[in-house]
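1. Give me a model of this one.
(2 chains)
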Amino acid sequence: GNSVTQMEGPVTLSEEAFLTINCTYTATGYPSLFWYVQYPGEGLQLLLKATKADDKGSNKGFEATYRKETTSFHLEKGSVQVSDSAVYFCALSHTGANSKLTFGKGITLSVRP
Amino acid sequence: EAGVVQSPRYKIIEKKQPVAFWCNPISGHNTLYWYRQNLGQGPELLIRYENEEAVDDSQLPKDRFSAERLKGVDSTLKIQPAELGDSAVYLCASGSGGTDSYEQYFGPGTRLTVT
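-> Now for the predicted structure:
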């Protein structure tokens, strides 16, 4: 079956530090890959997505590249801000009849001033 | 445009009591999902609707959980009777079912505590 594995957390960084959050997946076929973010007290929000191999998703300074050869979708940001403090979830989905999202466990990011 | 609306936001009940959660999806979204998120975990799908039809309820514990989506718009998820292990956040999401049919928009969730 499908599964998503995220690196263990939590992660604490200083403002303007470089961020990498690892995500690998196991799936049949060619899933779409996502990063969702959950800010304190808010619902899950789609941060970025990639729908095929070598696609790069980007949003708000965050980037992730769909690497089929390594089955990975690592999230990166060059310079984090305090406002990036949140829980980040990697997820995958297939279109059509199997369109449920399979999530990783999530990782908490805390950015200190 | 309004997002996915859920109520209540918080609910505390004693075990063996019934509880119900309500979801209003984004207008025009045909697909509706209910997920359960346990503490420290990612959400897991309970049931997916296409319009008023439940097309994937394989993960719904049918002995105590039930759901309905009358008229293919609002949905209600019910637990009867609740158990201690049901304490979690219950998330509703909706999607358009179009070319971006994999995109889902989440509500704020209902945090259930069973004592």
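
2. Show me which residues of chain A are close to chain B?
-> Within chain A, the positions near chain B by C-beta under 8 Å from any C-beta of the partner chain are A:4, A:32, A:36, A:42-46, A:49, A:51, A:89, A:91, A:93-97, A:99-101, A:103-106. C-betas here are computed from N, CA, C, even on glycine.

3. Just the ones in strands from these, please.
-> Mapping those onto strands (DSSP state E) picks out A:V4, A:S32, A:Y36, A:L44, A:Q45, A:L46, A:K49, A:F89, A:A91, A:S93, A:F103.

4. Bridging across strands, which residues link to the first one?
-> It refers to A:V4. Using DSSP bridges, the beta-bridge partners of A:V4 come out as A:Y25.

5. Contact partners for it?
-> A:C23, A:T24, A:Y25, A:T26, A:C90, A:A91, A:L92, A:T102, A:F103, A:G104, B:G42 (C-beta atoms under 8 Å, 6 or more residues apart in numbering or on different chains).

6. where in chain A is pLDDT low?
-> Low-confidence regions of chain A, defined here as pLDDT under 70, cover residues A:96-98.

7. can you pull out the strands in chain B?
-> With DSSP E, the ranges of strands along chain B come out as B:5-7, B:10-13, B:19-24, B:31-37, B:44-50, B:53-56, B:65-68, B:75-79, B:88-95, B:105-106, B:110-114.

8. For the ones you listed, give me JSON lines that also has distance to A:G61, mean neighbour count and mean pLDDT.
-> Shown next, in JSON lines, are those (distance: least, C-beta to C-beta, whole Å; neighbours: other C-beta atoms under 10 Å in any protein chain shown; pLDDT from 0 to 100):
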{"stretch": "strand B:5-7", "distance to A:G61": "30", "mean neighbour count": "17", "mean pLDDT": "96"}
{"stretch": "strand B:10-13", "distance to A:G61": "33", "mean neighbour count": "14", "mean pLDDT": "98"}
{"stretch": "strand B:19-24", "distance to A:G61": "32", "mean neighbour count": "19", "mean pLDDT": "98"}
{"stretch": "strand B:31-37", "distance to A:G61": "26", "mean neighbour count": "24", "mean pLDDT": "95"}
{"stretch": "strand B:44-50", "distance to A:G61": "30", "mean neighbour count": "21", "mean pLDDT": "94"}
{"stretch": "strand B:53-56", "distance to A:G61": "35", "mean neighbour count": "14", "mean pLDDT": "91"}
{"stretch": "strand B:65-68", "distance to A:G61": "38", "mean neighbour count": "17", "mean pLDDT": "97"}
{"stretch": "strand B:75-79", "distance to A:G61": "35", "mean neighbour count": "19", "mean pLDDT": "98"}
{"stretch": "strand B:88-95", "distance to A:G61": "25", "mean neighbour count": "24", "mean pLDDT": "95"}
{"stretch": "strand B:105-106", "distance to A:G61": "22", "mean neighbour count": "22", "mean pLDDT": "92"}
{"stretch": "strand B:110-114", "distance to A:G61": "30", "mean neighbour count": "18", "mean pLDDT": "97"}
